[in-house]
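Novice: Predicted coordinates and the sequence they were generated for:
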Amino acid sequence: MKTPYLFDEFFASEHEESISPFLTPTSRKWSRNLTLKSAASAALFLALSFSLSFTHPSLSYLFLSFVYFLSGVPALIASLHDLQKLQLNIDVLMTLAAFIAVAIGSGLEGALLLVLFELSHSLEDTVSRKAHSALHNLNHIAPKFAHIQDGDLTYEKALRDITIGETILVKQGEIAPLDGQVLSGTSSVNLVHLTGETLPDLMEPGDTIPAGARNLDSALLIRVLRTSSDSTLSRIVQLITAAQEAKPRLQRWLDRFGKTYAATIIILTLLFALTLPLLLSIPYDGFEGSIYRALAFLIAASPCALIIATPTAYLSAISACARKGILLKGGITLDALASCRAIAFDKTGTLTTGDLLCQSIEPIGPSTLTTDQALSLAAALERHVVHPIASAITKLAASKNLPLPPIQQFHSTPGHGLTALYNNIPISLGRPEFITSPLLTSWLQHQPHNQLLAILSYNNQLFAFRFTDQLRAQTPALIHTLQTKNKLHTIMLTGDRAANAHHIASLLNIQTIYSDLRPEDKLNKVAALSTQTHLAMVGDGINDAPALARATVGISMGRIGSATAVDASDVVLLNDELHHLSWLFTKATHTQTIVKQNLALALTVICLATTPALLGLIPLWIAVLLHEGGTVLVGLNSLRLLRN
């Protein structure tokens, strides 16, 4: 007998958490989108039934029976289940109207109601699935085993079995599996999974390293501070779950109205069938009887147009968005977008490319070297290492086609800097504190704090290399359009330093800036802002996932964004084209207008058809025609949203 999966081992097996071990691959393939497939098949049979009704009635009835089997039976079972719980809603009324249509000889009209109902609900479910994928992706970040260091002995151990106080070894290039305190070793670690920032942090003995941090330079010996269930990544999972539960839900007033509407129509139908003979002196049966008129009233009042008023509008808007590479997780997202009055952006990877740019090179004090010569020396050192600063320097040197001088005795001090010899003269490049020079100390006193600098020292000459993030090309125009056309207040939420954040914000004219934020800080800030106004949040990293889930609308970058951020968000920009955001907010507002028009149109048609039906002024077929005409008008009005 096989040992059952434990939680972390299950995720380590590369399977999705939503699958069942009792399903074969073939049956699992057929079960995907089963409701949508059933509705589409029913629509095909309905079209065949209608086409054959004029020439081959028997075949028409055969195909019509398939429609009622595929769409009617599930609707009937669901309605009976609702009735068992004493719930009267639009679904019950729609099913009742469809089957009563069969009783009075209007089976095609009843089948149309069923097909439209099932199509709208199945498409909505298909768009908004993937409930737990975020947790699956998060659990792939950290390894499931760690290297235990016990004296001179090193062995692997499952994370769930590691206790606080044990010593683990994190080798170069590995990801820290647990939160811990560095006991020995010095290295740069990349915290992009946790802070969203690509600039590595220096870890030295005594520093705390979180789970999920990638070790870049050299091995670190770590004393475990938290167990796997309480690690940084586990807390982010808990943050996402809590944020999703606390996420505000727009009031679905149509659903509440539908329950009251359905109960009222059913009661009125029974009341009219019983009382019309007393009020109008008409019989109970026959084409002029109360039962016929009550059934005509029920058919005319059946909520087909109401049912498709919102789904068709939302699905048309969703299709238009999809053509622009924008994925919306459910039509209700459009309502949420239309309600937003502020939009918050993560900085690195969202407003900027995430790559460092060497902004300037300037001498510190007198120098016989040109800036290009200093750049050549720096690139000769940096070509030996992998680091965001190294990439920025080597790219700049390559763009200028500068030759790289030969160096000897290259040495890297992880987290601090690089040294070598050029023409038998020492050359150094690294953090300001790595370079010992009274001139540099004096110069730094007059420089802004928290800026990103690298200092080159050669033959008593100093050069300062300044770095900054690269703005996306379309970002300035986007921010201006969002502020002027869409009337949105713009906010920056970033884990980067205050100086870098304010520099980027000043270039974009962003109105509010919050910097030095951890995932918990971002979530708390978004929660606080959301109590003041409806807020959209745009991000790309795992650190943004809790805030994306908590915002009124979470918008993630699909191509460069983490899978966790994508799954936690409501909108995914598949091609990372931020300039579509203004169009998206405009489309959301237009969709809301179309939905209101559809509802008004549907209710108007119902009012125009039901009263004459009760008075016997129109026969049943005209009542059905008015009802179906309203449905067609609502559908055509929704199709306007397909236009860009």
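Specialist: Right, received. Where do you want to start?
Novice: Show me how this structure divides into domains.
Specialist: Per automatic domain parsing, the structural domains of the chain span 33-127, 143-235, 355-471.
Novice: Please name every helix or strand in contact with the helix or strand encompassing K525.
Specialist: Assigned by DSSP states H and E, K525 belongs to helix 519-532. On a contact count with 3 or more C-beta pairs under 8 Å, 6 or more residues apart in numbering; DSSP states H and E, helix 519-532 meets helix 232-246, strand 342-345, strand 489-493, strand 535-539, helix 545-550. Just so you know, the C-beta spots here come from the backbone N, C-alpha and C atoms, and that holds for glycine as well.
Novice: you'd agree H580 is up against T586?
Specialist: No. Here H580 does not reach T586: they are 10.3 Å apart, not a contact under C-beta atoms under 8 Å.
Novice: Kindly tell me how buried the residue nearest to T533 when sequence neighbours are not counted is, as a neighbour count.
Specialist: For T533, ignoring the flanking residues on the chain, the nearest one in space by C-beta to C-beta, 6 or more residues apart in numbering is R341 at 4.6 Å. By other C-beta atoms under 10 Å, the residues close to R341 number 14.
Novice: thinking again about what came up before, switch the domains of the chain over to CSV; also include mean pLDDT.
Specialist: Listed next are these as CSV, based on pLDDT from 0 to 100:
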stretch, mean pLDDT
domain 33-127, 77
domain 143-235, 82
domain 355-471, 88
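Novice: Go through those domains and name the closest to I299.
Specialist: I299 lies closest to domain 33-127 among the domains of the chain, at 5.9 Å (C-beta to C-beta).
Novice: Quick check: the gap between L268 and L298.
Specialist: 9 Å (C-beta to C-beta, to the nearest Å).
Novice: quick one, longest helix in the chain?
Specialist: Counting by DSSP state H, the longest helix found in the chain is helix 581-615.
Novice: mean confidence score for it?
Specialist: Mean pLDDT, computed over helix 581-615, is 86.
Novice: For that helix, buried residues please.
Specialist: 581-585, 587-588, 590-592, 594-595, 597-599, 601-603, 605-606, 609-610, 612-614 (16 or more other C-beta atoms under 10 Å).
Novice: hmm, back to that, now do the contacts for the residue nearest to T533.
Specialist: Neighbouring residues of R341 by C-beta atoms under 8 Å, 6 or more residues apart in numbering: K487, L488, H489, T533, H534, L535.
Novice: Now the third one. Nearest residue, chain neighbours left out?
Specialist: It stands for H489. In space, H489 is closest to A342, 4.1 Å off (C-beta to C-beta, 6+ apart).
Novice: you'd agree the one you found is up against L488?
Specialist: Yes. With contact defined as C-beta under 8 Å, A342 reaches L488; the gap is 6.1 Å.
Novice: any common contacting residues for these two?
Specialist: A536.
Novice: hang on, the earlier thing: so the residue nearest to T533 versus L641, what's the distance?
Specialist: Distance from R341 to L641, by C-beta to C-beta: 23 Å.
Novice: And for M94?
Specialist: The value you get for M94 to L641, if C-beta to C-beta is used, is 24 Å.
Novice: likewise L601?
Specialist: 15 Å.
Novice: where along the stretch 51-200 of the chain do the helices fall?
Specialist: Taking DSSP state H, counting those that start in this stretch, the helices of the stretch 51-200 of the chain run over residues 57-67, 73-84, 90-103, 107-127, 133-138, 192-195.
Novice: who are the neighbours in contact with Q408?
Specialist: With C-beta under 8 Å, 6+ apart, Q408 has these contacts: A420, L421, Y422.
Novice: average pLDDT for the helix holding K525?
Specialist: pLDDT averaged over helix 519-532 gives 86.
Novice: sorry, back to before: among the contacts of Q408, name the ones in strands.
Specialist: Mapping the contacts of Q408 onto strands (DSSP state E) picks out A420, L421, Y422.
Novice: Centroid-wise, who is the farthest residue in this protein?
Specialist: The centre of the chain is farthest from one residue, S281, which by C-alpha atoms, centre = their mean lies 61.7 Å away.
Novice: if we can go back for a sec, partner residues bridging the residue nearest to H489?
Specialist: Taking DSSP bridges as the rule, A342 bridges to H489, L535.
Novice: Between the contacts of Q408, which sits nearest Q409?
Specialist: L421 (4.9 Å).
Novice: wait, that closest one sits on P406?
Specialist: No. With contact defined as C-beta under 8 Å, L421 does not reach P406; the gap is 10.0 Å.
Novice: need the next SSE after the helix or strand hosting I308, C-terminal direction.
Specialist: Per DSSP H and E: I308 is located in helix 304-323. Using DSSP H and E, the helix or strand that follows helix 304-323 in sequence is strand 326-328.
Novice: Describe which strands that following strand pairs with in its sheet and in which direction.
Specialist: Applying DSSP bridges to the sheet, strand 326-328 is found paired with strand 571-573 (antiparallel).
Novice: what pLDDT, on average, does the strand it pairs with get?
Specialist: 80.
Novice: I'd like the distance from that strand to the chain centre, please.
Specialist: 6 Å (C-alpha atoms, centre = their mean, to the nearest Å).
Novice: Ok, stretch 412-432 next?
Specialist: So, by C-alpha atoms, centre = their mean, the centroid of stretch 412-432 is 44 Å from its chain's centroid.
Novice: what distance separates the start and the end of it?
Specialist: Start and end residues of stretch 412-432 are separated by 15 Å (C-alpha to C-alpha, to the nearest Å).
Novice: what do you get for stretch 546-557?
Specialist: 15 Å.
Novice: With stretch 213-227 instead?
Specialist: 16 Å.
Novice: Tell me which residues of that stretch come out buried.
Specialist: So for stretch 213-227, counting by 16+ other C-beta under 10 Å, buried means 213-222, 224-227.
Novice: Sweet, I'm off.
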